[in-house]
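Chemist: Give me a model of this one.
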Amino acid sequence: MSTTADENLQLLEEDLRRARAEREMQRSLRRVETTTAKQRDDEAVQERHEDMMSQLRTMRGLLSEQHKSQAQQREQMEQLMRSKQMSDVQAAVTSLRDERRAYSDHCAEKQAREKAEMEKVVLETREQLLSLADELQEDSARRHEQLRHILLANASARESVSLSELV
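Modeler: Numbers count the residues shown, from 1 in each chain. Reported below is the predicted structural model:
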């Protein structure tokens, strides 16, 4: 019995070694599977991370382009507003110049009319004064003549009185 017990013992020891080797192999397989799964998970995480980073870079690029576009649009709008304001100012200045020119023309025409009217009045007054001067001269000449006749008649009457006194 000792041989069978030794054989049984050896068989059991060999079964135990096989079981241990099998268990070690299963542990190694699990470690490899775990390592492989962890690597796959890490690769998936890394891939998701890279995808997310790529999306973020794309979004950052789009946001940067949008920001530049908005800045350009804002600059264009400001330029349009400045141009419109400048145009409005120029139109106002032109309008004021036109109004001033029209007012100056109106004043010049009014002055010309008033000057012509004054020249007419001066001419009429001059004519009236000349006519009055002529009338006064004629009247003065007539009165002078009348006075001369009166003085001559007076002188003649005095001479007659003086002659009659002498006679």
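
Chemist: where does the protein dip in pLDDT?
Modeler: Applying pLDDT under 70 to the chain flags residues 1, 162-167.

Chemist: Point to the residue nearest the middle of the chain.
Modeler: Taking C-alpha atoms, centre = their mean, the centroid of the chain lies closest to residue 85, which sits 2.2 Å from it.

Chemist: measure that one to residue 138 for me?
Modeler: 77 Å (C-beta to C-beta, to the nearest Å). Backbone N, C-alpha and C define where each C-beta goes, glycine included.

Chemist: Next: residue 9.
Modeler: Separation of residue 9 from residue 138 (C-beta to C-beta) stands at 187 Å.

Chemist: swap in residue 15?
Modeler: Residue 15 is 178 Å from residue 138, by C-beta to C-beta.

Chemist: Within the helices and strands, which one has residue 137?
Modeler: helix 2-166 (DSSP states H and E).

Chemist: Report all helices and strands that that helix contacts.
Modeler: Using 3 or more C-beta pairs under 8 Å, 6 or more residues apart in numbering; DSSP states H and E as the contact definition, helix 2-166 packs against no other helix or strand.

Chemist: Number of residues surrounding residue 129?
Modeler: Residue neighbour count, defined by other C-beta atoms under 10 Å, stands at 11 for residue 129.

Chemist: residue contacts, it?
Modeler: Residues counted as contacts of residue 129 (C-beta atoms under 8 Å, 6 or more residues apart in numbering): none.

Chemist: any idea how far residue 33 is from it?
Modeler: Separation of residue 129 from residue 33 (C-beta to C-beta): 139 Å.

Chemist: Ok, residue 40 next?
Modeler: 10 Å.
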